[in-house]
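Undergrad: okay, here's the prediction I keep looking at, along with the sequence it came from:
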Amino acid sequence: MNKEKSGSGLLLAMLTAILAGGLSGYIWGPAMGSVAWLGELFLTLLKMLIVPLVAASIITGVAALGDVRNLGRMGGISITYYATTTLIAVSIGLLMANLWQPGTGVDLGASTPPAHTTGDIGISDLILSLVHPNIIDAAAHMKLLPVIVFCILLAAALTTIGERGKPVIAFFDGLNEAMMRIVEWIMLFAPVGVFALIASRLGEAGGGEAFLAQLTGLGRYVLAVISGLLTHAAVLCMLLMLLARRPVIQYLGYMGTPLMTAFSTASSSATLPLTMEAVQQAGVNEKARRFVLPLGATINMDGTALYEAVAVLFIAQAYGIELGFGQQLVVLLTATMAAIGAAGIPEAGLVTMVMVLEAVGLPLEGIGLILAVDWFLDRCRTTVNVFGDSVGAAVVGYLTSPDKKAGN
Ligand code: ASP
């Protein structure tokens with residue numbers, strides 16, 4: 001089958017599914033809960049692949065780099081890209097919140113206690129979360145960061161034991177290819193899954209009219225987050241052109257399926273298998289792709305960082321608490337850390353935001369003010385998270401390829 005043709009067919013099917021899902025949820029509201037299980041099925045199929053795919057991808061990616069200096073170079077460029085783009089994202093968020101003043105004049109009476117907060121998350125917790133005493137337990141609970149660290153160490157060790165390491169690397173190479181084949185099969189089901197996820201979630205929110213009322217109730221806040229996300233997406237497009245020398249429209253065409261899946265699932269981890277497939281189709285340097293994408297999906301969350309900055313300033317404004325330049329600087333740093341610490345699962349950003357609120361002494365109850373629309377903004381920020389990861393893979397792929405080619 002012609003891959004280009006089947007790719008654009010799938011893109012069209014996904015787009016239709018999103019529109020039809022939105023329309024059905026809008027019109028039939030809670031009745032669309034009857035298709036929720038189809039969305040759950042799609043999500044579970046994707047989640048099923050995450051741990052084996054991340055492990056196989058990181059191990060083969062790191063092993064292919066060979067020399068530990070190459071790993072250092074690729075790791076260094078990736079971390080620099082992640083940190084820089086996350087800081088840009090938070091700065092855009094701060095700018096938007098200062099411009100729109102979304103929290104000024106908000107009725108605090110509408111505030112309800114936050115649904116889930118985990119309390120303190122400090123820098124030391126973030127560092128400790130890199131390792132786990134039982135790697136099987138970490139994998140079983142989808143704690144990807146310790147799995148990634150373990151796989152980097154394992155791959156590095158495998159390259160130092162010569163011949164005896166080779167069959168193990170070959171095993172993971174085969175596993176990686178097989179996982180990618182399963183991804184292709186699951187993609188055939190993606191339009192149905194996406195339709196069900198959107199329709200049932202909009203239905204759960206009470207249908208179109210209830211949803212629109214929630215959106216307009218927090219209108220300026222929603223606008224500040226969305227205009228910030230669009231601005232950041234434009235910055236990412238520029239980086240794609242300048243640092244990865246890629247035509248934006250063409251790359252967006254490849255990324256259509258994962259971006260729509262990110263919007264439907266609100267999970268960058270669940271979207272990862274599709275992101276990997278799309279970036280492979282786009283011909284991004286294989287070594288970079290295998291190493292950079294799983295790492296990015298776990299720690300690089302530009303959309304989340306931006307949203308946390310807007311949300312925290314919104315809460316401060318709603319409570320009439322002035323955050324000066326110094327405190328906004330604290331928000332810049334802590335929102336970056338909080339985004340790194342957020343897992344690639346729905347509404348994880350809402351939980352790690354506690355760290356930012358505590359850093360600037362804001363009431364945690366403020367989270368209650370933004371709960372109603374969070375499920376929707378979560379989808380928007382996850383889409384930007386996934387786009388940021390894919391641009392990162394293209395940039396690192398270009399910068400580390402010896403002959404500076406955009407493709408393999
Ligand atoms: N849902 C987001 C993601 O998976 C994380 C968040 O901001 O809540 O990327």
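TA: Now that the structure is in, tell me what you want to look at.

Undergrad: can you list the residues of this protein near the ligand?
TA: Listed as neighbours of the ligand in the chain under the rule C-beta under 6 Å from any ligand atom: 266-268, 301, 304, 342, 344-349, 378, 381-382, 385. To be clear about C-beta, it is placed using only N, CA and C from the backbone, and glycine gets the same treatment.

Undergrad: can you flag which of those residues belong to helices?
TA: If you go by DSSP state H, the residues of the chain next to the ligand have 268, 304, 348-349, 378, 381-382, 385 in helices.

Undergrad: lowest-pLDDT helix or strand in this protein?
TA: Ranking every helix and strand in the chain by mean pLDDT, DSSP states H and E puts helix 123-128 at the bottom, with a mean of 76.

Undergrad: show me what that helix is packed against.
TA: Applying 3 or more C-beta pairs under 8 Å, 6 or more residues apart in numbering; DSSP states H and E, we find helix 123-128 packed against helix 325-341.

Undergrad: contacts for whatever helix or strand comes next after the least confident helix or strand of the chain, please.
TA: Where DSSP states H and E defines the elements, the next helix or strand beyond helix 123-128 is helix 135-140. The set of residues that contact helix 135-140 without belonging to it, under C-beta atoms under 8 Å, 6 or more residues apart in numbering, is 51, 55, 132, 146-147, 150.

Undergrad: can you flag the buried ones in the residues you listed?
TA: Those of the contacts of helix 135-140 that meet the buried threshold are 51, 55, 132, 146-147, 150, by 16 or more other C-beta atoms under 10 Å.

Undergrad: compile those residues into a markdown table and extend it with columns for secondary structure and pLDDT.
TA: A markdown table is the format used below for the buried ones among the contacts of helix 135-140 (DSSP: H, G, I helix; E, B strand; the rest coil; pLDDT from 0 to 100):
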| residue | secondary structure | pLDDT |
| --- | --- | --- |
| 51 | helix | 92 |
| 55 | helix | 93 |
| 132 | coil | 92 |
| 146 | helix | 91 |
| 147 | helix | 92 |
| 150 | helix | 95 |
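
Undergrad: quick one: what helix or strand has the residue lying closest to residue 350 once chain neighbours are set aside in it?
TA: Spatially, and ignoring its direct neighbours in sequence, residue 350 is nearest to residue 374 (5.7 Å; C-beta to C-beta, 6 or more residues apart in numbering). Using DSSP H and E, residue 374 maps to helix 367-400.

Undergrad: between that helix and helix 325-341, how many degrees?
TA: Regarding helix 367-400 and helix 325-341, their directions subtend 70 degrees when assessed with axes from the mean of the first three to the mean of the last three C-alpha atoms, to 10 degrees.

Undergrad: on that earlier part again, so which of the residues of the chain next to the ligand wins on neighbours?
TA: The member of these that has the most neighbours, counting by other C-beta atoms under 10 Å, is residue 301 with 35 neighbours.

Undergrad: may I have the phi/psi pair for that residue?
TA: phi -130, psi 80 (degrees, to the nearest 10).

Undergrad: in contact with residue 58: list those residues for me.
TA: For residue 58, counting by C-beta under 8 Å, 6+ apart, the contacting residues are 148, 151-152, 155, 290-291, 294-295.

Undergrad: any chance of the contacts of helix 135-140 in CSV, plus distance to residue 369?
TA: Supplementary listing: the contacts of helix 135-140 in CSV, determined by distance: C-beta to C-beta, whole Å:
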residue, distance to residue 369
51, 36
55, 40
132, 35
146, 34
147, 35
150, 40
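
Undergrad: which one of those is nearest to residue 332?
TA: Within the set of the contacts of helix 135-140, residue 146 lies nearest residue 332; the separation is 27.3 Å, counting by C-beta to C-beta.

Undergrad: could you check the distance from that closest one over to the ligand?
TA: Shown here: residue 146 relative to the ligand, a distance of 18 Å by C-beta to the nearest ligand atom, to the nearest Å.

Undergrad: residue 143 now?
TA: 14 Å.

Undergrad: quick check: closest non-adjacent residue to that residue.
TA: Counting by C-beta to C-beta, 6+ apart, residue 132 is the residue found nearest to residue 143 once chain neighbours are left out, at 6.1 Å.

Undergrad: for that neighbour, give me its contacts.
TA: Under the criterion of C-beta under 8 Å, 6+ apart, the contact partners of residue 132 comprise 138, 143, 146, 150.

Undergrad: is residue 87 in a helix, a strand, or coil?
TA: Assigned with DSSP: H, G, I helix; E, B strand; the rest coil, residue 87 falls in the helix class.

Undergrad: hang on, isn't it packed against residue 332?
TA: Yes. Taking contact to mean C-beta atoms under 8 Å, the distance of 6.8 Å between residue 87 and residue 332 places them in contact.

Undergrad: number of residues surrounding the residue nearest to residue 350?
TA: With neighbours defined by other C-beta under 10 Å, the count for residue 374 comes to 20.

Undergrad: correct me, but it touches residue 347?
TA: Yes. Contact between residue 374 and residue 347 holds when scored by C-beta under 8 Å: they sit 6.0 Å apart.

Undergrad: residues touching residue 85, list them.
TA: Listed by C-beta under 8 Å, 6+ apart, the contact set of residue 85 reads 235-236, 239, 300, 302, 388, 391-392.

Undergrad: can you pick the most crowded of those?
TA: Of all those, the most densely surrounded is residue 302 (32 neighbours; neighbours counted as other C-beta under 10 Å).

Undergrad: can you pull the pLDDT of the residue of the chain found nearest the ligand?
TA: Per C-beta to the nearest ligand atom, residue 349 is where the chain lies closest to the ligand, at 2.9 Å. We have a pLDDT of 91 for residue 349.

Undergrad: that one contacts residue 343, doesn't it?
TA: No. Look at residue 349 against residue 343 with C-beta under 8 Å: they stay out of range, at 9.5 Å.

Undergrad: gap between stretch 38-55 and the chain center?
TA: Computed by C-alpha atoms, centre = their mean, to the nearest Å, the chain-centroid distance of stretch 38-55 equals 15 Å.

Undergrad: for that stretch, which positions count as buried?
TA: Residues of stretch 38-55 classed as buried under the neighbour-count rule (16+ other C-beta under 10 Å) are 38-39, 42-43, 45-47, 49-55.

Undergrad: quick one: which of those sit in helices?
TA: When the buried residues of stretch 38-55 are checked against helices using DSSP H, the ones located there are 38-39, 42-43, 45-47, 49-55.
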